[in-house]
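[1] Generate a structure from the sequence data that follows.
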Amino acid sequence: MRRRAFSLVEILVVIVIIGILAAIVIPRLTGGGKDASGKPTLAPKQRAQQVGTISYVSQIQQAITMYKMDNEERLPANLQELKRYGVTDEMLIDSVSKQPLQYNPQTGEVTSPTALPGRVGNALNLPNSVQGQ
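    Numbers count the residues shown, from 1 in each chain. Sure, this is the predicted structure:
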């Protein structure tokens, strides 16, 4: 009885295929690649931090809406006034840059010092229902 083994050519073909797949996938996982539009991709940890900031800003905007409903459509003078609406100190810090979120008391706009997807200028592009308009 003769045992059948892989030939050297078959093993080399498999190694080349694995190498090509790794060259495609690894940059996307580490943040060094580019997406379909040619923009550089972020590392998963950076993307998760940005998503966390977007979530916090959305919650802050909802708290501003509740504040306006309770205070005759007036905007809070600062974000600290939103503590009773569930806004915590952690939510007021950008998770990527560790800088405080910026707040404009005239417009009620909350901005992040870091570049986030879906932004218009320096403001987050949130749905109108979230912005409290």
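[2] could you list every residue that touches L101?
    The contact partners of L101, taken as C-beta atoms under 8 Å, 6 or more residues apart in numbering, are T53, Y56, V57, I60, L79, L92, I93, D94, V110, T111, S112, P113. From N, CA and C alone the C-beta is placed, and that goes for glycine too.
[3] ok, of those residues, which come out buried?
    T53, Y56, V57, I60, L79, L92, D94, V110, T111, S112 (16 or more other C-beta atoms under 10 Å).
[4] Save these as TSV, and put in secondary structure, distance to V14 and pLDDT too.
    Shown next, in TSV, are the buried ones among the contacts of L101 (DSSP: H, G, I helix; E, B strand; the rest coil; distance: C-beta to C-beta, whole Å; pLDDT from 0 to 100):
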residue	secondary structure	distance to V14	pLDDT
T53	helix	43	84
Y56	helix	46	88
V57	helix	47	89
I60	helix	52	92
L79	helix	56	90
L92	helix	52	89
D94	coil	45	85
V110	strand	52	90
T111	strand	51	85
S112	coil	46	83
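[5] Which pair of these spans the longest distance?
    Spatially, the most separated pair among the buried ones among the contacts of L101 is T53 and L79, at 13.9 Å (C-beta to C-beta).
[6] where does stretch 76-91 sit relative to the chain's centre, distance-wise?
    Relative to the centre of its chain, stretch 76-91 is centred 21 Å away, using C-alpha atoms, centre = their mean, to the nearest Å.
[7] Buried ones in it, by neighbour count?
    Under the neighbour-count criterion of 16+ other C-beta under 10 Å, stretch 76-91 has P76, L79, E81, L82, Y85, V87, M91 buried.
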